[in-house]
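**Q** Turn this into a model:
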Amino acid sequence: MTTKSTQPVWLEVALNGAAGQAMQPGIPTTPSAIIEQGIACAKEGAAIIHLHVYDEHSQPTEDADLYTRVIEGIREQCDAIVYPTLALHGTIAERYAPIKTLAQRGLLEWAVIDPGSVNITHPIHIEASLDGLCYTNPDDHIKAGLALAVADGWRPAYAIYEPGFARLGAALAAQYCSLKTPIYRLMFSDHLLFGTTPSEFALEFYAQHLAQTCPRAPWMISGLDANVETLMPMALELGAHLRVGLEDAPLGTMLCNNELLEQGLKAIQDSGRPLATADEIRQYT
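**A** Purely as a prediction, here's the structure:
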């Protein structure tokens with residue numbers, strides 16, 4: 001019998017992602033809009049804020065100075081763990097350059113390391129005889145990220161697109177004695193053809209898989225082009241944490257980040273589990 005969890009919930013909001021406003025019209029892309037929405041979500045109870053930055057042409061960019069501006073802007077007004085994404089492509093040096101700069105500036109508490117490679121394809125790609133995105137993360141890229149996490153003291157945020165990601169991520173993490181325990185973030189999608197759709201069957205499988213693969217590690221539900229609201233009560237009962245926000249939500253949604261956050265807050269309140277503060281999360285080793 002599964003024991004109902006009473007642990008404080010880590011609540012994360014992913015403000016925007018890299019899809020752009022053509023596919024997700026409500027996302028903030030300017031520094032001022034990202035800062036404003038990040039502050040609003042943190043003040044409502046989100047201890048973790050994840051974000052992407054965009055250039056003056058509204059294109060995603062991995063600019064350390066833009067990241068600095070928005071991270072500092074949010075943290076000046078509230079206490080939150082604010083962290084950037086990882087570049088989809090490039091050499092090890094190119095992908096981790098902004099991460100290293102932010103760490104040197106004392107602004108990095110978490111960063112993305114995705115322990116595996118995956119094809120991210122939509123049915124419309126197949127119907128049009130087009131290729132989807134091949135998101136590659138070779139072992140040497142993963143190891144380089146973990147070495148930086150140890151050197152600079154930040155927590156890896158693992159995106160688990162497929163079950164094997166957890167196995168590889170756990171095996172590699174075990175090689176770094178002083179590494180902060182990664183958080184394992186399950187990636188569901190209603191339409192993109194990786195992993196599984198958000199379902200109770202998949203959630204139960206992953207809960208057991210993670211319990212065997214990385215026992216005691218924190219884990220969280222999320223996705224891309226996914227509606228995970230119906231999974232929240234079961235996930236919270238199983239001990240999961242929650243991520244909400246426009247990066248993960250169904251593409252073209254009419255909801256805003258604040259409304260998606262309210263869904264998570266209501267589920268947490270209904271679960272009876274307390275909401276974790278940023279300081280409580282920081283203490284987890």
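**Q** all strands for the stretch 101-250 of the chain, in order.
**A** Secondary structure of the stretch 101-250 of the chain (DSSP state E, counting those that start in this stretch): strands located at 110-112, 118-120, 133-135, 155-160, 183-188, 219-223, 241-244.
**Q** export those to JSON lines and tack on distance to residue 99 and mean pLDDT?
**A** Heads up, the C-betas are built off the backbone N, CA and C, glycines and all. Listed next are these as JSON lines, based on distance: least, C-beta to C-beta, whole Å; pLDDT from 0 to 100:
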{"stretch": "strand 110-112", "distance to residue 99": "5", "mean pLDDT": "98"}
{"stretch": "strand 118-120", "distance to residue 99": "21", "mean pLDDT": "97"}
{"stretch": "strand 133-135", "distance to residue 99": "17", "mean pLDDT": "96"}
{"stretch": "strand 155-160", "distance to residue 99": "11", "mean pLDDT": "98"}
{"stretch": "strand 183-188", "distance to residue 99": "16", "mean pLDDT": "98"}
{"stretch": "strand 219-223", "distance to residue 99": "20", "mean pLDDT": "98"}
{"stretch": "strand 241-244", "distance to residue 99": "20", "mean pLDDT": "98"}
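**Q** and the ones you listed as JSON lines, adding distance to residue 5 and mean neighbour count?
**A** Compiled in JSON lines, the strands of the stretch 101-250 of the chain are given as follows (distance: least, C-beta to C-beta, whole Å; neighbours: other C-beta atoms under 10 Å):
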{"stretch": "strand 110-112", "distance to residue 5": "22", "mean neighbour count": "21"}
{"stretch": "strand 118-120", "distance to residue 5": "29", "mean neighbour count": "18"}
{"stretch": "strand 133-135", "distance to residue 5": "31", "mean neighbour count": "14"}
{"stretch": "strand 155-160", "distance to residue 5": "19", "mean neighbour count": "26"}
{"stretch": "strand 183-188", "distance to residue 5": "15", "mean neighbour count": "26"}
{"stretch": "strand 219-223", "distance to residue 5": "11", "mean neighbour count": "25"}
{"stretch": "strand 241-244", "distance to residue 5": "10", "mean neighbour count": "27"}
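**Q** for the ones you listed, which one sits closest to residue 41?
**A** Closest to residue 41 of the strands of the stretch 101-250 of the chain, according to C-beta to C-beta: strand 241-244, at 9.0 Å.
**Q** Residue 77 is nearest to which of the strands of the stretch 101-250 of the chain?
**A** strand 110-112 (19.0 Å).
**Q** Provide the contact partners of the closest one at residue level.
**A** Strand 110-112 is contacted from outside by 48, 81, 83-86, 99, 102, 145, 148-149, 154-157, 159, 183, using C-beta atoms under 8 Å, 6 or more residues apart in numbering.
**Q** Touching, residue 134 and residue 125? I think so.
**A** No - using C-beta atoms under 8 Å, residue 134 and residue 125 do not qualify as a contacting pair, with a distance of 11.7 Å.
**Q** on that earlier part again, got the strands of the stretch 101-250 of the chain as a markdown table, with distance to residue 230 columns?
**A** Listed next are the strands of the stretch 101-250 of the chain as a markdown table, based on distance: least, C-beta to C-beta, whole Å:
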| stretch | distance to residue 230 |
| --- | --- |
| strand 110-112 | 26 |
| strand 118-120 | 23 |
| strand 133-135 | 27 |
| strand 155-160 | 20 |
| strand 183-188 | 11 |
| strand 219-223 | 11 |
| strand 241-244 | 13 |
